[in-house]
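Enquirer: predicted model, plus sequence, below.
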Amino acid sequence: MDTIASLFSFITYPVSWVIVQFHKLYGAIFGDDTGWAWGLSIVSLVVLIRICLIPLFVKQIKSTRNMQVLQPKMKAIQERYKSDKQRQSEEMMKLYKETGTNPLSSCLPILAQSPFFFALYHVLSAIASGKTIGVINQPLLDSARQAHIFGAPLAAKFTDSASEVAALGASLTDVRVVTAVMIVMMSASQFFTQRQLMTKNVDLTVKTPYMQQQKMLMYVFPLIFAVMGINFPVGVLVYWLTTNVWTMGQQMYVINQNPTPGSKAQDQYLGRLLKSVTAHGEVRGRTKRNTVKRIVSKGSDRNDIERKFIAGLSKLGLAAQEDGMVIKSDTALAEAEGGAAQKRQQPKRQTKAKRQGATQPGGAKEADSTESEPKTSLEKQDAPQDDKPKPAGGKPASGSSRQAKSGQRKGPQRPKHPSKK
């Protein structure tokens, strides 16, 4: 870790300068040698960096959503050119160029933070070693070494020995308890951030390997932070915990105000928007109008959630416009009522037996008779001999006796099949 941090030593001067400026502000309130002054200076450094990274965060959101949409096409390209890796790469790059997607955009915020993270680690390591660094001179160094957060020095680590911790004026128990609690909080915030992304802000209609990768990262990242956290000084843990909390809050805002199309968050957002329109009779706020505007512009490409929202407006007698506003529309209300009435008047679906019987002449009667009488044979049974009418004179007809002996039915006989002759 020290070797990696030394690679970013060129940025230690600006990082130390920003910390010192915030320390002057908070030192006037809490005291120069307090942990509050130095701890809040690190928190303020994180806030300043994250504010500067907001444009990159917006790019990350757009890139992530584009990657989710492109997953089916990417999978098709991989299956089509699985034997030609070069052609596969060319087609992938062509797809990225056509859609304006950059796969690395999702990593930009983390990559941009890395120099500041390692620079802060380098500064705190120098404080733990008693060395001046950047704009931190000897008086500021002595002040930082005396600063404790809940009994743990800023430069102390979980893996430090009792003698190293004693040199900073603290006990090993206090350092390990504070660092363990901060590591757990850091890992938990990372897990919750990834979990709310997977459960609320993912298009559930598209099942791709990308979703499985994100689900795996939901468990892998917290474990990585937990393992690496024992080697971080308390000041670095403050930095990383603050940036995780910032990311979690920033993502919650995005999920509530600009959710991914087709996700559970979009269903909840459009439900709230429909209630707002019902209460006020109009779309209030530029962000909400832009949302309605995007839905209208999609036309027939709307997903089920967006179609449900448009149908809800129609039931209220409102029609969404291209500028994001809604107006009264009797046509929309009539179409909504007509669609509901048509849905109610749909005939009940018949069973398979009834549908087959309806296609045959006399099928309805046969179905009724078969339901009321049990089936005993596929052939009609002959009437009993006693019930047959006898000819005058009491003698049975010769034809009838021959038919009775042969077991054939009365009347004209059906010609036999040539194979039975």
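Expert: Received, thanks.
Enquirer: now the residue nearest the centre of the chain, nearest residue through space, not along the chain?
Expert: Closest residue to the average C-alpha location of the chain: V202 at 2.0 Å, with C-alpha atoms, centre = their mean. Nearest non-adjacent residue to V202, counting by C-beta to C-beta, 6 or more residues apart in numbering: S263, 5.6 Å away. Where you see a C-beta, it was placed from the backbone N, CA and C, and this is true even at glycine.
Enquirer: before we move on, the earlier item: the residue nearest to the centre of the chain falls within a helix, correct?
Expert: No - secondary structure of V202 (DSSP: H, G, I helix; E, B strand; the rest coil): coil, not part of a helix.
Enquirer: these two touch, right, it and I255?
Expert: No - counting by C-beta atoms under 8 Å, no contact exists between V202 and I255, whose distance comes to 10.4 Å.
Enquirer: any chance you could list what contacts stretch 148-155?
Expert: Residues outside stretch 148-155 that contact it (C-beta atoms under 8 Å, 6 or more residues apart in numbering): 35, 38-39, 42, 124-125, 127-128, 144-145, 147, 165, 168-171, 174-175, 178-179, 233-235, 238.
Enquirer: and it, how far out from the chain's middle?
Expert: 39 Å (C-alpha atoms, centre = their mean, to the nearest Å).
Enquirer: how about it: buried residues?
Expert: By neighbour count on 16 or more other C-beta atoms under 10 Å, the buried set for stretch 148-155 is H148, I149, A152, P153, L154, A155.
Enquirer: where does pLDDT dip in this protein?
Expert: Applying pLDDT under 70 to the chain picks out residues 1-9, 68-69, 71, 103-107, 203-214, 330, 332-421.
Enquirer: wait, L48 sits on W17?
Expert: No - with contacts counted by C-beta under 8 Å, L48 stays clear of W17, the gap being 11.9 Å.
Enquirer: is F232 in a helix, a strand, or coil?
Expert: coil.
Enquirer: renumber starting at 855 from here on
Expert: With 855 as the first residue, the last one maps to F1086.
Enquirer: these two touch, right, it and F972?
Expert: No - the pair F1086 / F972 is not scored as a contact, 11.2 Å apart, by C-beta under 8 Å.
Enquirer: tell me where this structure has strands.
Expert: Counting by DSSP state E, the chain has strands at residues 1002-1003, 1006-1007, 1172-1174, 1180-1182.
Enquirer: Serialize the ones you listed to a markdown table and add fields for distance to T1132.
Expert: Below are the strands of the chain laid out as a markdown table (distance: least, C-beta to C-beta, whole Å):
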| stretch | distance to T1132 |
| --- | --- |
| strand 1002-1003 | 50 |
| strand 1006-1007 | 53 |
| strand 1172-1174 | 9 |
| strand 1180-1182 | 11 |
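Enquirer: could I get the phi/psi values of V989?
Expert: With angles defined as degrees, to the nearest 10, V989 sits at phi -90, psi 0.
Enquirer: next: V1137.
Expert: phi -90, psi 120.
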